[in-house]
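Student: okay, structure incoming, though there's no sequence with it:
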């Protein structure tokens with residue numbers, strides 16, 4: 001009989017497609033810039049290096065955060081760093097709406113991260129890990145602010161999932 005090892009972390013299942021899109025846009029930008037500059041007869045080595053640098057910047061700006069979760073933790077990886085919060089010891093959760101809606105999670109150890117709530121809606125396993133951590137934080141009494149934020153988000157995710165199931169089954 002095999003022993004159960006560590007759980008496999010849940011990852012954003014749409015990240016690879018979004019990353020491919022970001023790289024594709026950066027490559028297209030670079031190719032168009034090179035082509036226009038070459039056609040104008042002004043392409044030089046410094047200008048070529050400029051186009052490469054600008055294409056790299058476009059890729060970095062468009063590259064989405066990589067979100068993953070496991071028992072007791074939620075992580076967001078950006079091109080520069082990896083941020084992790086302890087979901088079993090959440091202290092505060094805030095949601096900021098506007099042009100770019102995002103959640104801000106803070107744990108009792110002082111760690112903080114921001115993520116797009118659409119990632120949670122699109123990835124039920126990540127949402128499950130966060131919801132489990134939220135419940136444990138409430139049980140332990142560490143969550144002082146924001147339990148209602150995640151509860152509302154949970155209802156919205158459940159409603160969207162229900163609508164998707166109804167549409168897929170032809171009942172809606």
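Tutor: Cool, got the structure. Given the structure is predicted, the values throughout are model-derived calculations rather than measurements.
Student: against residue 17, how distant is the residue in the chain sticking out farthest from the centre?
Tutor: Relative to the centre of the chain, and counting by C-alpha atoms, centre = their mean, the farthest-placed residue is residue 41 at 42.1 Å. Summarising the geometry, the distance separating residue 41 from residue 17, computed by C-beta to C-beta, to the nearest Å, is 38 Å. Bear in mind the C-beta positions are built from the backbone N, C-alpha and C, glycine included.
Student: is residue 137 in contact with residue 92, as I believe?
Tutor: No. Using C-beta atoms under 8 Å, residue 137 makes no contact with residue 92, being 10.0 Å away.
Student: helix or strand right after the longest helix belonging to the chain?
Tutor: When secondary structure is assigned using DSSP state H, the longest helix within the chain turns out to be helix 15-40. Beyond helix 15-40 on the C-terminal side, the first helix or strand identified by DSSP states H and E is helix 45-62.
Student: tally of neighbours for the residue nearest to residue 113 when sequence neighbours are not counted?
Tutor: Spatial nearest neighbour of residue 113, chain neighbours left out: residue 83 (4.0 Å); criterion: C-beta to C-beta, 6 or more residues apart in numbering. Burial of residue 83, expressed as a neighbour count using other C-beta atoms under 10 Å, amounts to 16.
Student: next one: residue 98
Tutor: 6.
Student: repeat that for the one 3 residues further on.
Tutor: Neighbouring residues of residue 101 were enumerated by other C-beta under 10 Å; the total is 11.
Student: which parts of the protein are strands?
Tutor: Per DSSP state E, the chain has strands spanning 10-11, 66-70, 73-77, 82-86, 90-96, 102-107, 112-115. These are given in chain order.
Student: where does the nearest residue to residue 70 once chain neighbours are set aside land on pLDDT?
Tutor: The shortest distance from residue 70 to any residue other than its chain neighbours is 4.1 Å, reached at residue 9 (C-beta to C-beta, 6+ apart). The score at residue 9 is 79. That number is its pLDDT.
Student: and if you look at residue 142?
Tutor: 90.
Student: can you count the residues close to it?
Tutor: Every residue meeting other C-beta under 10 Å relative to residue 142 is counted, giving 16.
Student: do residue 11 as well
Tutor: The burial metric for residue 11, expressed as a neighbour count using other C-beta under 10 Å, is 17.
Student: tell me if I'm right that it and residue 74 touch.
Tutor: No. Distance between residue 11 and residue 74: 11.5 Å, which falls outside the contact criterion (C-beta under 8 Å).
Student: shared neighbours of the two, anything?
Tutor: Common contact partners of residue 11 and residue 74 (C-beta atoms under 8 Å, 6 or more residues apart in numbering): 67, 68, 126.
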